[in-house]
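*Asks:* how does the following fold in three dimensions:
(one chain, ligands or ions: 1)
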Amino acid sequence: MKHEGFARPKKSLGQNFLADPNVARKIVAALGIRPGDTVLEIGPGRGALTEHLLESGAAHVLALEKDRDLAPALKARWPELEVVNADALRFDWERLDRLPGIRVVGNLPYNVASPIMWDLASQATRFARAVFMVQWEVAQRIAAVPRTRDYGGLSVWLQSHVEAHVLFKVGPGVFHPRPKVDSAVVGFTPLPVEQRPAHPERISAFIKRIFSQRRKQLGSILGKSLGDPARAYLDAQGLSPVCRPEELSPGQIAGLMDAVGIEDVR
Ligand code: SAM
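*Replies:* Predicted coordinates:
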């Protein structure tokens with residue numbers, strides 16, 4: 001991708017542009033596009049991934065870009081691209097369900113990658129696959145298992161909504177400007193609706209509450225909320241009030257929330 005005609009990279013928008021076509025091709029291949037598919041790219045930037053998406057056989061390529069300078073430049077370069085100049089942090093991801101089977105991709109701005117994935121993975125239920133490049137540490141948190149240092153609220157929330165995998169690592173040398181950290185590409189497929197939380201706003205509040213004090217024991221975090229039904233639940237799971245939140249799987253966290261009682265979780 002040539003740099004002529006584009007403004008200087010903006011640090012405030014997390015603009016580390018991908019400058020290696022091989023990595024771009026590998027990310028697009030991971031999306032598994034089939035002829036006729038619709039693809040949404042979040043943060044197309046100068047189009048490092050976009051140009052491969054447009055050559056992929058996809059019927060429609062949509063791009064969501066916050067930068068007011070880049071959005072028209074992209075449209076001028078690729079008239080067939082549908083560019084939406086909007087903020088992914090404010091996007092209503094439920095709208096994607098009107099396009100079942102859509103594939104979503106993005107080399108996400110690192111400063112806002114977690115909230116974008118948090119919202120998208122929970123609000124959209126019918127996308128075929130999503131592939132994101134994120135900071136290496138964030139990728140580790142996304143795929144972390146219980147009783148590990150990286151396991152926390154982001155792991156529980158995302159794994160309650162999607163199947164998530166770390167696909168491959170990417171070093172800082174393939175970006176311009178070069179970031180200070182390693183990156184990784186992650187892949188998501190949505191869990192069937194019946195396996196997702198029935199009351200996402202409640203589980204979100206519960207996850208935030210227990211992981212904001214992750215070093216404490218469940219008994220001290222939950223205090224009086226940890227009544228007999230919750231104690232019985234923990235016991236049946238081979239757990240106890242002295243366990244820390246990071247010892248519970250996403251399913252056990254949902255089970256504990258139900259046992260605590262809906263009105264008590266906030
Ligand atoms: N896809 C390009 C690439 O791989 O070279 C650009 C990646 S760059 C890491 C992140 C892109 O996301 C930038 O183009 C930036 O302007 C855009 N961006 C930053 N914050 C955004 C937001 N809240 N909503 C939508 N796009 C955003």
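*Asks:* where along this structure do the strands fall?
*Replies:* For the chain, the strands defined by DSSP state E occupy 17-18, 38-42, 60-65, 82-85, 103-107, 129-135, 162-170, 175-176, 183-190.
*Asks:* list the helices and strands the fifth one packs on?
*Replies:* In this case it means strand 103-107. Counting contacts by 3 or more Cβ pairs under 8 Å, 6 or more residues apart in numbering; DSSP states H and E, strand 103-107 is packed against helix 21-30, strand 38-42, strand 129-135. Yep, even glycine has a C-beta here, placed from its N, CA and C like the rest.
*Asks:* report pLDDT for the residue nearest to Arg68 when sequence neighbours are not counted.
*Replies:* Counting by Cβ to Cβ, 6 or more residues apart in numbering, Asn85 is the residue found nearest to Arg68 once chain neighbours are left out, at 6.2 Å. With respect to pLDDT, Asn85 scores 96.
*Asks:* do the one 3 residues further on as well
*Replies:* The model reports Ala88 with a pLDDT of 98.
*Asks:* and the residue nearest the centre of the chain, how far is that from Pro109?
*Replies:* Note on the chain: the residue nearest the mean C-alpha position is Met117, at 2.4 Å, using Cα atoms, centre = their mean. Relative to Pro109, Met117 is positioned 12 Å away (Cβ to Cβ, to the nearest Å).
*Asks:* who in the protein is up against the ligand?
*Replies:* Within the chain, the positions adjacent to the ligand are 13-18, 42-46, 48-49, 64-67, 70, 87-89, 107, 109, 112 by Cβ under 6 Å from any ligand atom.
*Asks:* filter these to the buried ones?
*Replies:* Buried residues within the residues of the chain next to the ligand, defined by neighbour count using 16 or more other Cβ atoms under 10 Å: 14-18, 42-46, 48-49, 64-67, 70, 88, 107, 109, 112.
*Asks:* sketch out the low-pLDDT regions of this structure for me.
*Replies:* Scanning the chain for pLDDT under 70 picks out 1-5, 262-266.
*Asks:* residues in contact with stretch 229-247?
*Replies:* Outside stretch 229-247, the residues that touch it by Cβ atoms under 8 Å, 6 or more residues apart in numbering are 146-148, 151-152, 210-211, 213-219, 221-222, 226, 248, 252-253, 255-256, 258-261.
*Asks:* of the residues you listed, just the buried ones, ChimeraX syntax please.
*Replies:* To isolate the buried members of those in ChimeraX, using 16+ other Cβ under 10 Å:
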select :151,152,210,211,218,221,222,226,248,252,253,255,256,258,259,260
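*Asks:* domain map for this protein?
*Replies:* Domain assignment for the chain by automatic domain parsing gives 11-195, 200-264.
*Asks:* now the longest one, how far from the chain's geometric center?
*Replies:* Its chain's C-alpha centre and that of domain 11-195 lie 8 Å apart, by Cα atoms, centre = their mean, to the nearest Å.
*Asks:* quick one: end-to-end length of it, please.
*Replies:* Taking Cα to Cα, to the nearest Å, domain 11-195 runs 39 Å from one end to the other.
*Asks:* and the closest residue to Leu54 other than its chain neighbours, how far from Pro79?
*Replies:* Computed as Cβ to Cβ, 6+ apart, the closest residue to Leu54 that is not its neighbour in sequence is Val61, at 5.5 Å. Distance of Val61 to Pro79, computed by Cβ to Cβ: 12 Å.
*Asks:* higher neighbour count, those two?
*Replies:* For Val61 versus Pro79, neighbours defined as other Cβ atoms under 10 Å are more numerous around Val61 (26 against 7).
*Asks:* Arg178: what's it in contact with?
*Replies:* Contacts for Arg178 (Cβ under 8 Å, 6+ apart) come out as 16, 172.
*Asks:* typo on my end, Val28
*Replies:* So Val28 contacts 49, 52-53, 56, 105 (Cβ under 8 Å, 6+ apart).
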